[in-house]
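Enquirer: Give me a model of this one.
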Amino acid sequence: SCVTVMSRWMRSLSSPLGPLTRTSSGSTEMVTPAGTGIGLRPIRLIDQLTKPSRRLRRRFLGGGAAAAAALALGPSVLAACGSGGESSSPATSAAPDDGSPASGTLRVSNWPLYIADGFVAAFQTASGLTVDYKEDFNDNEQWFAKVKEPLSRRQDIGADLVVPTEFMAVRVKGLGWLNEISEARVPNKKNLREDLLNSKADPGRTVTAPYMTGMVGLAYNRAATGRDVSRIDDLWDPAFRGRVSLLSDMQDGLGMIMQWQGNSVEDPTTESIQKAVDFIREEKDKGQIRRFTGNDYANDLAAGNIAVAQAYSGDVVQLQADNPDLQFVVPESGGDWFIDTMVIPYTTQNQTAAEAWIDYVYDRANYAKLVAFTQFVPVLSDMTDELNKIDPGLASNPLINPPAEVVANLSSWAALTDEQTQEFNTIYAAVTGG
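Expert: Okay, the predicted model is just below:
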């Protein structure tokens, strides 16, 4: 298997000066443009400067990406892709573990503003490791384009642990470019939510370690709708004509529509994709749909120009702080998850340090600090007590700590072959204009 064609783009927020890297200076973490060694500024100042959109998820289809995919991938990666789609390449086993404690330096590559203040320094104190933490992962496709050649030659990519979205992690796993994660080195894996541990994408989570999740559902402006929204049928209410937006990402845009039509995202077919697209085309032709969006629905939703939008839960948590009329709901017929994961490239220079990081993240008290910062849905179970210790509002917020009945109504997409991805994206792009 190889890179996903026309896949999700997420959180394309980046520093105007380039990727950020964190170092520790006493008890204060600092950030500087990676590779420059200049312009050190406290992270809290960066947060203040970027607060309005610091965690909004930017996911959209690249225009013409399907047509350009073959050129973008390059011959070496295309050669690695068989005609059957999914590669049978297994995950790679790390070097034999002698049981000694992790030591040395750990290099982490993560999304911008996706770590709590002080977290890296606290890990260094607890583990004795030195962490080179870079916020240089801005987009799944950009990352893959950068690392595909060195990984194909088993050359170091400058990171021991990376945080791609699950669909990309599964692709890289299929190429055999990820190491297995030691069960013995990550005892806190027992704290993972059962639905994530038993995922079809990586049963038992032997290679991918979930980092954060979020819900894809419906957001609405109560002042604009004049009533509550709870069903997919509400999107088609003539009263909202021209004030509905759908997500342009294929999985996020079609997932809840497919479930509403009685089909499954866990076993998608060309027929179920086409059925959903055909219905959306009818509504688009009626003028019901205002536009297809990434997460740039936020301003129009807050202003009431959009009454109901397909949306990401993490966006709405932040938007509600300024506009309590904004609400988020998982439709009665079902919504879906997005999942970001921690993985260890098979070129890692410090396997045990990467595993120590994962285990530290999976400690509930430590993880609560990450959730408080990101305001996404925890990947660990039973987080209520630890979230209450930080802020009772976190534990009581159903968009951060959703009740069991909501979790049960969310599904995760099956791992798609490259052929399926290209076919499904092409079908959807015909109606979105992507």
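Enquirer: residues in contact with residue 350?
Expert: By CB atoms under 8 Å, 6 or more residues apart in numbering, the contact set of residue 350 is 102, 104, 105, 106, 107, 160. For glycine as for every other residue, the C-beta is placed from the backbone atoms N, C-alpha and C.
Enquirer: where's it relative to residue 99, distance?
Expert: As judged by CB to CB, to the nearest Å, residue 350 and residue 99 stand 16 Å apart.
Enquirer: Please indicate which of the contacts of residue 350 are buried?
Expert: Among these, those that count as buried by neighbour count (16 or more other CB atoms under 10 Å) are 102, 106, 107, 160.
Enquirer: Determine which two of those residues are furthest apart.
Expert: Between all members of the buried ones among the contacts of residue 350, the longest pairwise span (CB to CB) is found for 102 and 107 and amounts to 13.1 Å.
Enquirer: Please flag which of the buried ones among the contacts of residue 350 sit within helices.
Expert: Where the buried ones among the contacts of residue 350 are compared with helices, as defined by DSSP state H, there is no overlap at all.
Enquirer: Now tabulate the residues you listed in TSV and tack on distance to residue 338.
Expert: Rendered in TSV, the data for these read as follows (distance: CB to CB, whole Å):
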residue	distance to residue 338
102	30
106	26
107	25
160	24
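Enquirer: So residue 328, which state does it fall into?
Expert: strand (DSSP: H, G, I helix; E, B strand; the rest coil).
Enquirer: what's the neighbour count on it?
Expert: Neighbouring residues of residue 328 were enumerated by other CB atoms under 10 Å; the total is 23.
Enquirer: change the start of the numbering to 23 and stick with it
Expert: Will do, 23 is the new start, and the previous item becomes residue 350.
Enquirer: just checking, it touches residue 424?
Expert: No - here residue 350 does not reach residue 424: they are 10.1 Å apart, not a contact under CB atoms under 8 Å.
Enquirer: anything in contact with each of these two?
Expert: When contacts are counted by CB under 8 Å, 6+ apart, residue 350 and residue 424 are jointly contacted by residue 237.
Enquirer: residues touching residue 213, list them.
Expert: Residue 213 sits next to 384, 385, 386, 389, 402, 403, 404 when contact means CB under 8 Å, 6+ apart.
Enquirer: 7 Å - rerun?
Expert: Under the criterion of CB atoms under 7 Å, 6 or more residues apart in numbering, the contact list for residue 213 reads 384, 386, 402, 403.
Enquirer: Using PyMOL, define a selection of the buried residues within the residues you listed.
Expert: Here is the PyMOL command that selects only those of these that count as buried (16+ other CB under 10 Å):
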select buried, resi 384+386+402
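Enquirer: Mind putting the contacts of residue 372 into JSON lines with pLDDT?
Expert: As requested, the contacts of residue 372 are exported to JSON lines (pLDDT from 0 to 100):
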{"residue": "124", "pLDDT": "96"}
{"residue": "126", "pLDDT": "98"}
{"residue": "127", "pLDDT": "98"}
{"residue": "128", "pLDDT": "98"}
{"residue": "129", "pLDDT": "98"}
{"residue": "182", "pLDDT": "98"}
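Enquirer: Let me have those in TSV, adding distance to residue 453 as columns.
Expert: Putting the contacts of residue 372 into TSV (distance: CB to CB, whole Å) gives the following:
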residue	distance to residue 453
124	50
126	51
127	49
128	45
129	42
182	42
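Enquirer: right, and out of the buried ones among the contacts of residue 372, which lies closest to residue 291?
Expert: Relative to residue 291, and with distances defined as CB to CB, the nearest of the buried ones among the contacts of residue 372 is residue 182, at 38.8 Å.
Enquirer: doesn't residue 131 make contact with that closest one?
Expert: No - in this structure residue 182 lies outside contact range of residue 131 using CB atoms under 7 Å: 8.7 Å.
Enquirer: who touches both of these two?
Expert: Between them, residue 182 and residue 131 share no contacting residue, judged by CB under 7 Å, 6+ apart.
Enquirer: Can you tell me the centre-most residue of the chain?
Expert: By CA atoms, centre = their mean, the mean C-alpha position of the chain lies nearest to residue 362, the distance being 3.9 Å.
Enquirer: Could you check the pLDDT of that residue?
Expert: Per-residue confidence at residue 362 stands at 94 (pLDDT).
Enquirer: Counting neighbours, what do you get for the residue nearest to residue 234 when sequence neighbours are not counted?
Expert: In this structure, residue 234 finds its nearest non-sequential neighbour in residue 398, 4.2 Å apart by CB to CB, 6 or more residues apart in numbering. When neighbours are counted by other CB under 10 Å, residue 398 registers 24.
Enquirer: List the contacts of residue 398.
Expert: Contacts for residue 398 were tallied using CB under 7 Å, 6+ apart; they are 234, 235, 236, 336.
Enquirer: got it, and residue 401?
Expert: When the contact criterion is CB under 7 Å, 6+ apart, the partners of residue 401 are 214, 215, 218, 232, 233, 234, 235.
Enquirer: Figure out how far the host helix or strand of the third one is from the centre of its chain.
Expert: Put plainly, it is residue 218. Here residue 218 sits within helix 216-219, counting by DSSP states H and E. Mean-position distance between helix 216-219 and its chain equals 16 Å (CA atoms, centre = their mean, to the nearest Å).
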